[in-house]
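Visitor: Here is my input, please return the structure:
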Amino acid sequence: MTPVSQQILLGSASPRRKALLAGLDLPFTVVAIDADESYPADLKGGDIPCYISRAKAQAYADRLMPDQLLITADTIVWLEDQMLGKPHDDAEAVAMLRLLSGKTHQVYTAVTFAEKSPAANSESQVVLSTLVDKTDVTFAELTDEQIRYYVQKYRPLDKAGAYGVQEWIGYVACTHMDGSYFNVMGFPVHLVYGELKRRGF
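Guide: Residues are numbered from 1 along each chain as shown. Sure, this is the predicted structure:
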């Protein structure tokens with residue numbers, strides 16, 4: 001079992017993930033990771049964030065120390081067999097929200113735990129363990145006025161699917177949810193807690 005003294009690293013720039021991990025009352029350090037977030041075109045649904053979260057972990061592998069546990073994550077919105085990532089501009093954000101209006105979509109978040117292999121022959125060899133969660137989210141019909149108001153005021157360009165469920169759009173549009181609310185925010189803390197507990201934290 002991993003010793004409790006192992007240092008937790010959160011490889012994410014997301015303030016939401018930082019706040020949610022902090023809610024578990026465990027000490028951790030945020031580290032910056034610059035990773036290629038492209039993925040093979042044949043991947044679908046939850047396989048996409050699994051691939052990207054593992055790529056983020058691998059991008060930090062050279063800096064990972066034997067007494068550290070790195071946590072990386074990735075979230076996507078999946079609607080009718082297409083992936084909605086982070087919009088590049090306001091027009092794309094408006095287009096995404098129009099697609100989501102009046103429909104049920106899926107939010108997938110994958111969380112990868114990375115640590116140095118005890119038998120590693122190179123500094124970059126790590127052991128990766130990935131968990132993925134899915135939440136079904138139903139949106140009410142949204143008017144163009146509502147969509148443009150949200151995009152202009154809340155600037156959701158850093159959010160998959162162009163929305164944050166914890167913001168105004170979630171209050172007025174989210175009519176039903178099957179699964180973890182925090183998963184929709186981008187970090188399924190119940191899964192993270194379970195894995196950390198299993199590791200002895």
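Visitor: what's the neighbour count on the closest residue to residue 125 other than its chain neighbours?
Guide: In this structure, residue 125 finds its nearest non-sequential neighbour in residue 117, 5.0 Å apart by Cβ to Cβ, 6 or more residues apart in numbering. Every C-beta, even on glycine, is put in place using the N, C-alpha and C of the backbone. For residue 117, the count of nearby residues is 12 (other Cβ atoms under 10 Å).
Visitor: Settle this for me: residue 117 is touching residue 66, isn't it.
Guide: No: the criterion here is Cβ atoms under 8 Å, and residue 117 misses it with residue 66 at 9.3 Å.
Visitor: Quick check: buried residues in stretch 184-195?
Guide: Within stretch 184-195, the residues that count as buried by 16 or more other Cβ atoms under 10 Å are 184, 185, 186, 187, 188, 189, 191, 192, 195.
Visitor: The third one: what's its closest spatial neighbour, skipping adjacent residues?
Guide: Read it as residue 186. If the residues on either side of it in the chain are set aside, residue 186 comes closest to residue 75, at 4.4 Å by Cβ to Cβ, 6+ apart.
Visitor: didn't that neighbour look like it was pressed against residue 109?
Guide: Yes: applying Cβ under 8 Å, one finds residue 75 in contact with residue 109, separated by 4.4 Å.
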